[in-house]
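Student: Sequence first, then the predicted structure, then my questions.
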Amino acid sequence: MKIYLATGNKNKKKEMAELLPGFDIVIPSDEGIDFDPDETGTTFYENSIIKAKALFDLVHAPVIADDSGISVDALDGVPGIYSSRYAGPDFPQGKPDGTKISQDEQNIFLINQLNKRLEKPETRFNDFMNGPRSCHYTCAFVLYLGGDRLYVVQETFEGTLIDDISKQAGDGGFGYDPIVFLPEQNKTIAQLTAEEKNAISHRGKAVKALKKIIEQLS
């Protein structure tokens with residue numbers, strides 16, 4: 001079964017192919033399709049459905065779209081849906097001109113922003129799952145089949161943000177993975193093998209649920 005994945009990120013395609021063996025996963029660039037919809041949603045789900053519908057209108061075939069990002073609890077969820085555009089405390093939703101900074105810069109900015117926030121005595125940690133440095137990834141998936149036919153799953157992946165960029169570790173994964181520490185594993189996400197990550201990650205858990213839906217429809 002051929003399924004389009006609404007992304008230009010080849011790392012996401014690779015992960016999806018690992019998580020959905022037996023399915024032909026195609027991204028727009030594989031077929032020379034120009035695809036860059038405006039993600040104007042205010043939640044991960046809203047951005048997922050925007051991308052899914054935009055690609056479906058071009059290919060008229062089943063589409064999977066996801067929106068994911070990291071949220072730091074003590075920063076009130078920053079960067080959240082703006083994770084790919086995050087450019088530090090001055091531009092948490094991205095720079096006005098649309099330019100992006102490197103992932104290394106994003107990682108440094110996020111750690112430093114949290115460190116400064118935690119210096120304030122009024123910060124409360126009672127509601128944080130993993131203490132003052134608690135953070136989590138969220139992934140919302142949409143399988144869109146046209147019209148009003150769609151399926152949605154959303155999952156999270158909890159960890160803690162390291163306190164200094166010198167402690168980043170691992171060369172697996174991508175994005176913020178080297179700076180998110182998993183206390184139960186005693187590793188960063190980037191230190192996990194692909195199999196280990198897929199078994200417990202936000203995307204891995206969401207895809208497992210989505211896979212069951214796809215298999216029932218196949």
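Tutor: Thanks, I have it.
Student: From the chain's centroid, how far away is the lowest-mean-pLDDT helix or strand in the chain?
Tutor: Using mean pLDDT, DSSP states H and E, the weakest-scoring helix or strand in the chain turns out to be helix 10-19, at a mean of 84. Here helix 10-19 is found 13 Å from its chain centre; the criterion is CA atoms, centre = their mean, to the nearest Å.
Student: For that helix, list every residue counted as buried.
Tutor: 12-13, 15-16, 19 (16 or more other CB atoms under 10 Å). (Each C-beta comes from the backbone N, C-alpha and C, glycine too.)
Student: Repeat that for stretch 89-104.
Tutor: Within stretch 89-104, the residues that count as buried by 16+ other CB under 10 Å are 91-92, 94, 101.
Student: Repeat that for stretch 138-148.
Tutor: Quick answer for stretch 138-148 (16+ other CB under 10 Å): 138-144.
Student: And these, which is closest to residue 57?
Tutor: residue 144 (10.1 Å; CB to CB).
Student: Per-residue pLDDT of the spatially most central residue of the chain, please?
Tutor: Nearest to the centroid of the C-alpha atoms of the chain, with distances taken as CA atoms, centre = their mean, sits residue 68, at 2.7 Å. With respect to pLDDT, residue 68 has a value of 93.
Student: For it, what are phi and psi?
Tutor: The phi and psi values for residue 68, taken as degrees, to the nearest 10, are phi -140, psi 160.
Student: Next one: it from residue 140, what distance?
Tutor: From residue 68 across to residue 140, the span is 7 Å (CB to CB, to the nearest Å).
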